[in-house]
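Q: Predicted model and sequence follow; I will ask about them next.
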Amino acid sequence: MGKDIDLQGKVALITGGGQGIGKGIAKVLGECGATVVVSDINPDTTAATAAELGAKALPLNVADQTAFNAAIDQIVAEQGSLDILVNNAGVYREYGGAIETITPEMWRTLWSVNVDGVFFGCQAAARVMVAAGNGGRIINIASTQAVSPGVGVTYDGSKAAVVQITRTLALELGRHNITVNAVAPGATWVNPGDPPPIDSTAPIPRSGQPLGDAVASRIARIPAGRWAVPEDIGNSVAFVASPLASYINGVYLNVDGGWLTE
């Protein structure tokens, strides 16, 4: 991908970039020539991933608006601009389940990251991008669960909110040559080195829990015949961030191997 899309001279911040999908996005954008700033709530993870990818490290709790504003101001001060923001940070485990089991604390914690964090990032990035007058790209990582629910009301609801935030801001910021798009991963395998399970009874590496019938049936119906890997999502983000996508705005882009076509 790096040889096909040129992001030389662009500065990109990827939240939740220390691992999983965020790390894949950071890797691809760096290969495309962007100056990449990796942020994650865990300072050790942030530093390790940045060192591995040759990126900049900036620990960040996206649910903290003051910290988000300060982080973006720091990037602009040190790098000269912020051209691409990828709002990838998100949580699910321990904050989902059947509705009768969800506590107010679980609900607020998930939404503070998945929705508040996206809003804070969009707001802070828009402030500096509008002031600079050079346009920009804001890319919010949603999910196929935004339109095809089934994981749980906390997560699915939060990702639907991300999609509507994206569409609304596309209308608002388009006149400033700032595009706002949502990339929606489908089933993505984030444990490199571990083969992804297909059998619903097979334990998921690092968790010990079985895959489950519902998830297994979804994997089985993907026309591509495989799970996505983080770099698949990164490739899609790189396209949306590139000059090739200058007239794409307010889009919800499924990256799911064709799962939602069935």
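A: Yes, it's here.

Q: Would you map out the domains in this structure?
A: 11-188+229-261, 197-227 (automatic domain parsing).

Q: For Ile5, find the nearest of those domains.
A: Ile5 lies closest to domain 11-188+229-261 among the domains of the chain, at 4.6 Å (CB to CB). For every residue, glycine as well, the C-beta is placed using N, CA and C.

Q: who's in contact with the residue nearest in space to the middle of the chain?
A: Nearest to the geometric centre of the chain sits Asn88, at 2.4 Å (CA atoms, centre = their mean). Asn88 makes contact with 14-17, 21-22, 25, 141 under the criterion CB atoms under 8 Å, 6 or more residues apart in numbering.

Q: Look up how far Ala142 lies from it.
A: 10 Å (CB to CB, to the nearest Å).

Q: Please apply the same query to Gly30.
A: On the measure of CB to CB, Gly30 and Ala142 end up 23 Å apart.

Q: ok, the two, which is more surrounded?
A: Ala142 (29 against 21; other CB atoms under 10 Å).

Q: what's near enough to touch that one?
A: Applying CB under 8 Å, 6+ apart, the residues near Ala142 are 159, 162-163, 166, 182-184, 252.

Q: burial measure for Ala132, as a count.
A: 15.

Q: actually Val183, not the one I wrote
A: 26.

Q: Same question for the helix or strand where it lies: list its buried residues.
A: Using DSSP states H and E, Val183 sits in strand 178-185. Neighbour counts over strand 178-185 (16 or more other CB atoms under 10 Å) mark 178-185 as buried.

Q: Just list the residues touching the residue nearest to Val229 when sequence neighbours are not counted, thanks.
A: Closest residue to Val229 apart from its sequence neighbours, by CB to CB, 6 or more residues apart in numbering: Trp189 at 5.9 Å. Neighbour list for Trp189: 196, 227-229 [criterion: CB under 8 Å, 6+ apart].

Q: Report pLDDT for Trp189.
A: Trp189 carries a pLDDT score of 84 in this model.

Q: Renumber starting at 690 from here on
A: Noted, 690 is the first residue going forward, which turns the last one into Trp878.

Q: And it, how far from Val727?
A: 21 Å.

Q: And Lys712, by the same measure?
A: 8 Å.

Q: Looking at these two, which is more packed in?
A: Each of Lys712 and Val727 has its neighbours counted (other CB under 10 Å); Val727 has more, 33 against 26.

Q: What is the neighbour count of the closest residue to Asn823 other than its chain neighbours?
A: Computed as CB to CB, 6+ apart, the closest residue to Asn823 that is not its neighbour in sequence is Ser770, at 6.9 Å. By the measure other CB under 10 Å, the count of residues near Ser770 is 16.

Q: Gln697 too?
A: Neighbours of Gln697 using other CB under 10 Å come to 8.

Q: Got the phi and psi for it?
A: phi -60, psi 140 (degrees, to the nearest 10).

Q: Could you pull out the helices in the protein for me?
A: Secondary structure of the chain (DSSP state H): helices located at 709-720, 732-742, 754-768, 793-800, 806-821, 842-862, 902-909, 919-930.

Q: Pull out the buried positions in the fourth one.
A: When you say that, I think you mean helix 793-800. 796, 798-800.

Q: Pick out whichever of those sits closest to Pro748.
A: Using CB to CB, the buried residues of helix 793-800 come closest to Pro748 at Thr798, 18.8 Å.

Q: got a list of what the nearest residue to that closest one once chain neighbours are set aside touches?
A: Excluding the flanking residues, the one nearest Thr798 by CB to CB, 6+ apart is Tyr784, at 5.6 Å. Shown in contact with Tyr784 (CB under 8 Å, 6+ apart): 795-796, 798-799, 843-844.

Q: Which of those residues sits closest to Leu749?
A: Of the contacts of Tyr784, the one sitting nearest to Leu749 (CB to CB) turns out to be Thr798, at 16.6 Å.

Q: Before I go, just wanted to say thanks for your time.
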